[in-house]
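Peer 1: Kindly generate the corresponding structure for this input.
(one chain, ligands or ions: 1)
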Amino acid sequence: MKITIIGTGYVGLVTGTCFAEFGHHVTCVDKDEDKIKTLLEGQIPIYEPGLDTLVQKNTREKRLTFTTDIADAVAVADAVFMAVGTPSSRRGDGYADLTYIFEAAREIAPHLKGYTVIVDKSTVPVGTARQVARVIREVNPEADFDVASNPEFLREGAAIADFMRPDRVVIGIETHKAEDILREIYKPLYLQETPIVKTDIETAELTKYAANAFLAVKISFINEIALLCDSLGADVVSLAKGIGMDGRIGKKFLHPGPGYGGSCFPKDTLAMMRIAQEHGQNLRIVEAAVEVNAAQKAKMVKKIRDMLDGSEAGKTIAFLGLTFKPETDDMRDAPAITIIPALLEKGARIKAHDPQGMAEARKYLPQGIEYTQDAYETCKNADAVVLMTEWNQYRALDLDRLIQEMQGRVFVDLRNVYEPQKMKDKGFIYAGVGRS
Ligand code: UDX
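Peer 2: Sure, this is the predicted structure:
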């Protein structure tokens, strides 16, 4: 199959590279000349484990190429995947901004040659694929095409594994022709027995939102339970095991923390709420999950303050991890963006380290933070350590060395990486989230 991907952001780049790895011929298009130049040189503009090697391999084997020239790329394609950004609208109302999608549709339209499937890969409000079809027909009434929705469920940091071994592939289509092409594209997956959920376009679009909203609800649920565990002296980690082993509940996404962040959950929950409101419905459970998530960040600030005897003013707090999750340099909606400024404002001195995210962090966090080379340097003379993101390199810290470097003994473990008793035995004043 000949596949063209519009947009070389996170989703576009991973999708294009993995399709090439399946054996298809893939052209990734982006307007950003510098980005295309970098990619042609085999360098990746984002941090995603394994992606650079896979890009280099498929480029070398001539199945993957990058260009700014949309015309040729679209003319030869059996399928064009739209993987452009759908950020929250600048109006701040939670709606998804579809400017890039419709811009891409207008640009694709004049170059379509022969039958082509145009697939929305970006997370888009229900009805977008149909609007894309309308735009294309306006620009090029002769075009022979179908639109389809094929949402992605990739997690940052594990995107390649998620793409190669997904739990399912969802395709929303209307014609057999489009179905045949999409099935051919995903053939390597169903040979390994990945289920394909075939449905209509609107359902596929909504499935993506519902999946993300459900996961956000699950996280907010366990975060609230963790707060209750804190009040009652119960242990949320055992509790999560106790409920998660019930197959109806499932053990994944029951890890409490400082609140979910990233490029999907915050944006998609808001967009889904807006879509529902437009149709006269309030998604009260999703609304609650969003509220709980905001409150969770504030509660973590309070937790840190309480551990510092009620005031962070003049205290040095060492943050380990800044990104919204490990194995990424992505800072979008990271809890650190709320938690750190709240402490800074009250006169705390902040030191911070992140294995991959420090360059990005500088763009998102206020000035006045001291960035360091490693965990131990961060903790030097600190009154408190806050483990913010569960990077592997923070999972096996030399705790004796750490406590010696510190000035105080407070360890706030926002990811429940360490065993409370072990930490107390080492001399720390320790608190996790929902266990201490
Ligand atoms: C998510 C979805 O998992 C993915 O299917 C979708 O395509 C995009 O959004 P991603 O944002 O990359 O992926 O990361 P994910 O691993 O889902 O984590 C999201 C946030 O939830 C992170 O901030 C993470 O720390 C938090 N989280 C996750 C928890 O706090 N507890 C958990 O148990 C799981």
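Peer 1: May I see the buried residues of stretch 201-209?
Peer 2: Along stretch 201-209, these residues count as buried under the neighbour rule (16 or more other C-beta atoms under 10 Å): 201, 204-209. In this view, the C-beta of every residue, glycine as well, is placed from N, C-alpha and C.
Peer 1: repeat for stretch 417-428
Peer 2: 417-418, 420, 423, 428.
Peer 1: Out of the buried residues of stretch 201-209, which is nearest to G92?
Peer 2: Set against G92, the nearest of these by C-beta to C-beta is Y209 (19.4 Å).
Peer 1: Excluding chain neighbours, give the residue nearest to the closest one in space.
Peer 2: Using C-beta to C-beta, 6 or more residues apart in numbering and skipping residues adjacent in sequence, the residue nearest Y209 is M272, 4.2 Å away.
Peer 1: That neighbour reaches A213, doesn't it?
Peer 2: Yes: in this structure M272 lies within contact range of A213 using C-beta atoms under 8 Å: 5.4 Å.
Peer 1: These two: which is more packed in?
Peer 2: M272 (25 against 22; other C-beta atoms under 10 Å).
Peer 1: Check which residues of the lowest-mean-pLDDT helix or strand in the chain are buried.
Peer 2: For the chain, using mean pLDDT, DSSP states H and E, the weakest element among its helices and strands is helix 187-191, scoring a mean of 88. For helix 187-191, a neighbour-count test (16+ other C-beta under 10 Å) marks L189 as buried.
Peer 1: Let me know the outermost residue of this structure.
Peer 2: Computed with C-alpha atoms, centre = their mean, the maximum C-alpha offset from the centroid of the chain is found at E142, amounting to 38.3 Å.
Peer 1: Could you report the distance from that one to the ligand?
Peer 2: Distance, E142 to the ligand, using C-beta to the nearest ligand atom, to the nearest Å: 35 Å.
Peer 1: I'd assumed that residue was in a strand, is it?
Peer 2: No: secondary structure assignment (DSSP: H, G, I helix; E, B strand; the rest coil) places E142 in coil, not in a strand.
Peer 1: quick one on the thing from earlier: the residue nearest to Y209: which element?
Peer 2: Assigned by DSSP states H and E, M272 belongs to helix 265-278.
Peer 1: which residues sit against that helix?
Peer 2: Contacts to helix 265-278, defined as C-beta atoms under 8 Å, 6 or more residues apart in numbering, come from residues 86-88, 93-96, 123, 125-126, 208-210, 212-213, 215-216, 219, 260, 282-283, 286-287, 289-290, 293, 333.
Peer 1: Let's test this: mean pLDDT of it, rounded?
Peer 2: Here helix 265-278 scores 94 as its mean pLDDT.
Peer 1: Is there any residue in it that contacts the ligand?
Peer 2: Yes: judged by C-beta under 6 Å from any ligand atom, helix 265-278 and the ligand are in contact via F265.
Peer 1: Name the next helix or strand downstream of that helix, please.
Peer 2: Downstream of helix 265-278 (by DSSP H and E), the next one is helix 284-307.
Peer 1: Now the next helix or strand after that next one: average pLDDT?
Peer 2: The element immediately downstream of helix 284-307 (helix or strand, assigned by DSSP H and E) is strand 316-320. Confidence for strand 316-320, expressed as mean pLDDT, is 98.
Peer 1: and what of stretch 152-159?
Peer 2: For stretch 152-159, the mean confidence score works out to 93.
Peer 1: tell me the contacts of N392?
Peer 2: By C-beta under 8 Å, 6+ apart, the neighbours of N392 are P326.
Peer 1: swap in D144?
Peer 2: D144 neighbours (C-beta under 8 Å, 6+ apart): 112, 114-116.
Peer 1: Return the backbone torsion pair for the residue in the stretch 1-150 of the chain that the ligand sits nearest to.
Peer 2: Closest approach between the stretch 1-150 of the chain and the ligand, counting by C-beta to the nearest ligand atom: T123, at 7.7 Å. Here is the backbone geometry of T123 (degrees, to the nearest 10): phi -80, psi 120.
Peer 1: Would you check that my belief about it contacting S149 is correct?
Peer 2: No: with contact defined as C-beta under 8 Å, T123 does not reach S149; the gap is 10.0 Å.
Peer 1: Now do S122, the pLDDT please.
Peer 2: 87.
Peer 1: So which of the contacts of D144 is surrounded by the most neighbours?
Peer 2: T116 (25 neighbours).
Peer 1: Phi and psi next, for that residue.
Peer 2: Dihedral angles (degrees, to the nearest 10) for T116: phi -140, psi 140.
Peer 1: How many neighbouring residues does the nearest residue to A109 once chain neighbours are set aside have?
Peer 2: Counting by C-beta to C-beta, 6+ apart, V139 is the residue found nearest to A109 once chain neighbours are left out, at 3.7 Å. By the measure other C-beta under 10 Å, the count of residues near V139 is 15.
Peer 1: can you pull the contacts of V139?
Peer 2: So V139 contacts 105-106, 109-110 (C-beta under 8 Å, 6+ apart).
Peer 1: go again using 10 Å as the cut-off
Peer 2: 105-110, 112 (C-beta atoms under 10 Å, 6 or more residues apart in numbering).
Peer 1: and it, what pLDDT?
Peer 2: Value for V139, per-residue pLDDT: 98.
Peer 1: Now do it against P256, distance only.
Peer 2: Going from V139 to P256 by C-beta to C-beta, to the nearest Å gives 49 Å.
Peer 1: what do you get for T203?
Peer 2: 32 Å.
Peer 1: do the same with M82
Peer 2: 36 Å.
Peer 1: List the residues that contact the residue of the stretch 1-150 of the chain closest to the ligand.
Peer 2: 11, 85-86, 96, 149, 151-152, 205, 208-209, 211-212, 263-264, 267-268, 271-272.
Peer 1: Now intersect those residues with the helices, please.
Peer 2: Among the contacts of T123, the residues falling in helices (DSSP state H) are 11, 205, 208-209, 211-212, 267-268, 271-272.
Peer 1: and the chain, what are its domains?
Peer 2: 2-199, 214-431 (automatic domain parsing).
Peer 1: gap between Y186 and A79?
Peer 2: Y186 is 11 Å from A79, by C-beta to C-beta.
Peer 1: can you list residues touching both of these two?
Peer 2: 19, 150.
Peer 1: More neighbours: which of these two?
Peer 2: Neighbour count, other C-beta under 10 Å: between Y186 and A79, A79 has more, with 24 against 18.
Peer 1: what are the phi and psi angles of that one?
Peer 2: phi -140, psi 140.
Peer 1: How much space separates it from D246?
Peer 2: For A79 relative to D246 (C-beta to C-beta), the value is 41 Å.
Peer 1: Next one: A148 from I70, what distance?
Peer 2: A148 is 19 Å from I70, by C-beta to C-beta.
Peer 1: higher neighbour count, those two?
Peer 2: Set A148 next to I70 and count neighbours by other C-beta under 10 Å: A148 wins out with 24 against 20.
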